[in-house]
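**Student:** Here is my input; please provide its structure:
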Amino acid sequence: MFENSELGTVDPGMLAGALLFLGLSSAVIYLFYGFCMGKLLRKAGKPLWAGFIPVYNLVLLLEIVGRPWWWILVLIGVGFVPIVGIPGVIAINIIIGIDVARSFGKDTVFGVLYGIFIFILLPVMAFSSSIQYVGPRASGMGLPSEQG
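**Tutor:** Numbers count the residues shown, from 1 in each chain. You can find the predicted model right below:
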């Protein structure tokens, strides 16, 4: 047993069990959300396996909504800016969420909610048969339906 002055005695078996549980539950969550992202990408004609590749799935998501790939760099870069990092990342997630929602036939409110609550709405969009890909709808794409 290990002695820790603040926590008392730490049992190595309990520590190993906790780490094993954490690792397995993280793997299950990763596989579930990778599958959900893959199903969403597949609705847009991309391969299911791409949902499991961390940066590549975001590149494909940006492609299907009509945003350039370098938005990933913006998302990462904003995250490192002190003070505005977290609100900036949330704002970019909401913008991308709106683009995703519009590209799948949903309204702006759904997109804002998707950007904030992606952990709930990604599986909803992935498994709903009523939500289908309608094409890239990012702002400023010059689509005929958006021109006035």
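**Student:** mind checking the backbone torsions on P68?
**Tutor:** For P68, the backbone dihedrals are phi -70, psi 160 (criterion: degrees, to the nearest 10).
**Student:** in the protein, which helix has the most residues?
**Tutor:** helix 12-43 (DSSP state H).
**Student:** What residues of stretch 94-112 count as buried?
**Tutor:** Buried residues in stretch 94-112, counted by 16 or more other Cβ atoms under 10 Å: 94-104, 106, 110-112. C-beta coordinates here come from the backbone N, C-alpha and C atoms, glycine included.
**Student:** Please spell out the segments of this protein that come in under the pLDDT threshold.
**Tutor:** 1-8, 139-148 (pLDDT under 70).
**Student:** Please enumerate the strands of it.
**Tutor:** Along the chain, counting by DSSP state E, strands occupy 2-4, 8-10.
**Student:** in stretch 41-52, what counts as buried?
**Tutor:** Neighbour-count burial for stretch 41-52 [16+ other Cβ under 10 Å]: L41, R42, K43, A44, K46, A50, G51.
**Student:** Equivalent analysis for stretch 125-137, please.
**Tutor:** M125, A126, I131, Y133, P136, R137.
**Student:** Tabulate the CA atom coordinates of that stretch in PDB.
**Tutor:** Extracted C-alpha coordinates of stretch 125-137, given in PDB (Å, rounded to 0.1, in the frame of the first residue of the first chain):
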ATOM      1  CA  MET A 125     -29.200  13.700 -36.200                       C
ATOM      2  CA  ALA A 126     -27.200  10.500 -36.900                       C
ATOM      3  CA  PHE A 127     -30.000   8.000 -36.100                       C
ATOM      4  CA  SER A 128     -33.000  10.100 -37.300                       C
ATOM      5  CA  SER A 129     -34.300   8.800 -40.600                       C
ATOM      6  CA  SER A 130     -36.200  12.100 -41.100                       C
ATOM      7  CA  ILE A 131     -33.000  14.200 -41.100                       C
ATOM      8  CA  GLN A 132     -31.300  14.000 -44.500                       C
ATOM      9  CA  TYR A 133     -28.400  15.900 -46.100                       C
ATOM     10  CA  VAL A 134     -29.600  18.700 -48.400                       C
ATOM     11  CA  GLY A 135     -26.200  20.200 -49.400                       C
ATOM     12  CA  PRO A 136     -23.700  22.700 -48.200                       C
ATOM     13  CA  ARG A 137     -25.400  25.700 -46.500                       C
END
